[in-house]
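# Attaching a predicted model along with its sequence, questions to come.
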Amino acid sequence: DDELQTDGNRSGHLQNGEQGLSATDEEVIRTIAAQLAAIGDQFDRDIIQARVVNDLVQHFQNENLSIEEITLYMSRVVEELIRSIPPDMDQEKAMLVLAMLLTKKILNTVPSLLQRVINTTVNYMNQFHDYIVDMVSQTA
């Protein structure tokens, strides 16, 4: 019942007295999302090549590889791509955007990989938890 909408927002249904986000929190999240989307658009144009996505797809399709092995491979790909970002850009933010953009491109290529790709991406992004919390608190 706590559905994720296609635009990334949670549905309006609240259960068990759960409180929604305050208007300020929602605005902060929207601001950060807009910034990340703009960076993602730039990376999509300038950095991500079809070969990179196809290589990742092959790794995700390999049933013999664990989520941890694929996460490690995704990390290496992101680290390789990070060398192409402008030097003045925050590296952690760029890594998060690259991971999300690669996830989107993989799922657009092979939608049947949804669960495996999302699990891997969440696993990868967990290493940025403190950075994400800082980013939200600085924007608030």
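The structure has been received and is ready for your questions. What you see is a predicted model, and the numbers here were worked out from it, not measured in a lab.
# Pass me the low-pLDDT residue ranges in this structure, would you?
In the predicted model, the chain carries pLDDT under 70 at residues 1-21, 23, 140.
# Helices of that one, residue ranges please.
For the chain, helices defined by DSSP state H occupy the ranges 23-46, 50-61, 67-82, 91-109, 114-125, 129-139.
# what's next to the shortest one, contact-wise?
Outside of helix 129-139, the residues within contact range by CB atoms under 8 Å, 6 or more residues apart in numbering are Val28, Ile29, Thr31, Ile32, Glu92, Lys93, Leu96, Met125. All C-beta atoms are positioned from the backbone trio N, CA, C, and that covers glycine.
# switch to 10 Å and redo it
25, 27-29, 31-32, 35-36, 90-93, 95-96, 125-126, 128 (CB atoms under 10 Å, 6 or more residues apart in numbering).
# Equivalent analysis for the fifth one, please.
Under the criterion CB under 10 Å, 6+ apart, residues 56-57, 59-61, 63, 65-75, 78, 95-96, 99-100, 102-104, 106-107, 110-111, 113, 131-132 lie in contact with helix 114-125.
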